[in-house]
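In: Got a predicted structure here, sequence first:
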Amino acid sequence: MNRISVSMLAACGVLASFPAAAADADLQALREEIAQMRKSYEQRINALEQRLAQAETGRAQVPTAAPAARASSFNPEIGLNLQGALTSTKLDPASWTLQGFVPPGAPEEVGPPRRRGFTAQETELTLAANVDPNFRGYLNLALTPDNTVELEEAFFQTLGLGARFTLKGGRFLSGIGYNNERHPHVWDFADAPLAYTAFFGNKLSAEGLQLKWLAPTETWLELGLEAGRDDGFPGGARNKGGSALGAAFARTGGDVGIAHNWRAGLSYVATDPGARAYDGVDAAGLATRVSFAGRSRTAGADFVWKWAPNGNPAEHNFKLQAEYFRRVESGSLSCAERDASGACGGAAGLSDSYRSSQSGYYLQGVWQFMPRWRLGYRHDRLDSGTTRLGPALAVTDLPQLAAWQPLRNTVMLDYASSEFARLRLQFAHDNSRGPGLVDNQLWLQYVMSIGAHGAHKF
Amino acid sequence: MRNFMMAIALLLALPVQAALSVLTTVPEWAALAQEIGGDKIRVAAVTTALQDPHRIEARPSLIARARSADLLIATGAELESGWLPVVQRESGNARIQTGQPGYFEAAAQVRMLEIPAKLDRADGDVHASGNPHVNTDPRVYLQVGAALAARLAQLDPAHAAAYQAGYTAFAGRWRANLARWEQQAAALRGQPVVVQHKSFSYLLDWLGLKEVATLEPKPGVEASAAHLSRVLQQVRGQKPRWVLRAVWEGSRTSDWFAANSGTPLVVLPFTVGGSDAAKDLTSLFDDTLARLLAVK
């Protein structure tokens, strides 16, 4: 107070000492200066008040934690799926065959049981990341208990090519059917449906390009075309260059109310194997080598229906899934033996026309009756039809192709301690081997996922 | 090739819709977008309040709707990571891919709670960015709304002024609401509460409620009987005023706890549509507070 009054007195003294005319101009200048200062302080106070108000509403704009700028920040999403099973079978797994059908390539971990006892089925290693704003890359390696690495998928995919097109290139699981694109760790049973084993060797893998297009309709409608190499079943050993496998699919789906969703699709697979071979035995029990060359055409239909109360699957849900495939093959079949005396024409072999029309379906339902617990039933049925052979070939020398209708019934109960860990008990009654050869298969399986876990499709 | 694609795109394009098409993962952001965008946008949520937002199926109808969206609004913070990436990829819609202006994450605008110090799934369903249920704190709608208005203006510059005006009007109403709610709930400050899942951490933070126990031993892990008995013993002396559950959560645990502890169970709407009364954002918080205040 003292200091102010002293300085005011001093100011008055200073002012008083000036001549009157000069004092008027100076007073004016001082007034302006004070007005300016007041204005500037008012602005600053306003700014402070605003900041205070912002702070009072709770949270000032806080930038979210910036991602740590480390060299590893650009590492792809890495995921690992561990799968293993304890299996017990009544019949020797090595004797398993799908009577009436051409053997679908080498046995795989994801097919019918390969061995008794403990098996570390397939371990899937997944790497995925966006390449740049236009592409995404994905790799899936299957590590098998035979200590081999199988390149399941390695592809790039466009992120919004425009006009609702998506292009995929590389090796990928074909988009046909419903189950085909899904990796074993999301399957509802420990093994592939029999129809997939019979017609695609458990799964149809393509090496080439896939173009998908989403129709501009209110109802989901997706069309896809695939072209590529097809070294795996049902193709094989085609000599001509270019595309050997052609596949097409169309699928649609929607909601019925809030609780029901469905999806339905049609698929078509065309391949022309040049020398698709398998090892068999003739009527005399001599080892034969049987080879097919010709056209292979498979058509399929699939349907999935899901129900959950209020569309909230966390507590209870039910999933019904069915697929049907029909394969027509025509061409020539040759049969040769290592022993010259055999009925199949010895080492020179016999060759004649071959035509088959075979079909199969499965129908399965999985019910989550309480959180984490699910009960499932699957019915597999195949029909080998009657294979028509040219006169040079005798059906008795090709016992594998004698007509049969394999049937398998499977029940499973699984428990998921979280969405990353599942334990499954599965029992199957299987007569695929032929008349009178009934196998009982018991599985105790685990499926565990660690690391980045990609979102799942419908 | 590009020209060819463009030509096909033009041929196939449906009659151009004037309004901006906005798709949201959960109902609360649809309600907010509607408040700001008004008749300049067409907005829809792909889930309802009765669905667990972590556990949505990337179903066909969802992909069909994402196909034509101009703006996709998600909560973010990995809440939708189990299904949204598939929807984005399968939609073939370049506009709504992550990183594009047509993809908006609400949680990115908000100060996050419960950010885990370490990431280990042994700790249950943890989210690296923190608890994703930001929608239960009404204050976040101001920040999310401001960012959303700016984003709408960026995507649809012709109506930029309308979006800004829409936000300003909403913010005015909302600040009045906040003052009213905070006054109503002033007496609740410091009250002990038990929650089933960490769905309401932001609501508790806003109202200053004291969470004394969570029924889930770890996020996303259902409580065992032994764990519930332990919680019961632990909170006995603290006399919690409520046990809270979101309408989409399973009922067993909180029902058991309420019955055995004598703590009143309150099922909160969680989001718009979660109760008959929660018809929009304002009535959502009106109803939430009414339900809390009904327990004396």
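Out: All right, it came through fine.

In: going forward, measure contacts between C-alpha atoms and count neighbours the same way
Out: OK.

In: so how many other residues sit close to residue A:310?
Out: A count of nearby residues for residue A:310, using other CA atoms under 10 Å in any protein chain shown, gives 15.

In: so where is the stretch 51-200 of chain A shaky, pLDDT-wise?
Out: Where the stretch 51-200 of chain A drops to pLDDT under 70, the residues are A:51-71.

In: Which one of the residues in it is closest to chain B?
Out: residue A:160 (3.8 Å; CA to the nearest CA).

In: Helices of chain B, start to end?
Out: Using DSSP state H, the helices of chain B run over residues B:2-12, B:27-37, B:60-67, B:84-90, B:140-155, B:160-184, B:201-207, B:225-235, B:252-261, B:281-293.

In: Pipe these into JSON lines and attach mean pLDDT per row.
Out: Formatted as JSON lines, the helices of chain B follow (pLDDT from 0 to 100):
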{"stretch": "helix B:2-12", "mean pLDDT": "52"}
{"stretch": "helix B:27-37", "mean pLDDT": "96"}
{"stretch": "helix B:60-67", "mean pLDDT": "93"}
{"stretch": "helix B:84-90", "mean pLDDT": "92"}
{"stretch": "helix B:140-155", "mean pLDDT": "96"}
{"stretch": "helix B:160-184", "mean pLDDT": "96"}
{"stretch": "helix B:201-207", "mean pLDDT": "95"}
{"stretch": "helix B:225-235", "mean pLDDT": "89"}
{"stretch": "helix B:252-261", "mean pLDDT": "92"}
{"stretch": "helix B:281-293", "mean pLDDT": "96"}
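
In: Tell me which of those lies nearest to residue A:288.
Out: With CA to CA as the measure, helix B:84-90 is the member of the helices of chain B nearest residue A:288 (47.1 Å).

In: Give me the residue at the spatial middle of chain A.
Out: Central residue of chain A (CA atoms, centre = their mean): residue A:182, 3.5 Å from the mean position.

In: list the contacts for that one?
Out: The contact partners of residue A:182, by CA atoms under 8 Å, 6 or more residues apart in numbering or on different chains, come to none.

In: Kindly recompute the last result at 10 Å.
Out: Neighbour list for residue A:182: A:173, A:174, A:175, A:203, A:456, A:457, A:458 [criterion: CA atoms under 10 Å, 6 or more residues apart in numbering or on different chains].

In: do residue A:416 as well
Out: So residue A:416 contacts A:371, A:372, A:373, A:374, A:422, A:423, A:424, A:446, A:447, A:448 (CA under 10 Å, 6+ apart).

In: change it to 8 Å
Out: Neighbours of residue A:416 in contact, by CA under 8 Å, 6+ apart: A:372, A:373, A:422, A:423.

In: And for residue A:307?
Out: Residue A:307 touches A:259, A:260, A:261, A:313, A:317, A:318, A:319, counting by CA under 8 Å, 6+ apart.

In: so the third one sits right up against residue A:253, yeah?
Out: Yes - the criterion here is CA atoms under 8 Å, and residue A:261 meets it with residue A:253 at 7.5 Å.

In: ok, back up a step: if I've got this straight, the residue of the stretch 51-200 of chain A closest to chain B is in a strand?
Out: No - under the criterion used here (DSSP: H, G, I helix; E, B strand; the rest coil), residue A:160 is coil, not part of a strand.

In: on that earlier part again, okay, and the common contacts of residue A:261 and residue A:253?
Out: Common neighbours of residue A:261 and residue A:253 (CA under 8 Å, 6+ apart) are residue B:60.

In: helix, strand or coil for residue A:44?
Out: Strictly by three-state DSSP, residue A:44 counts as helix.
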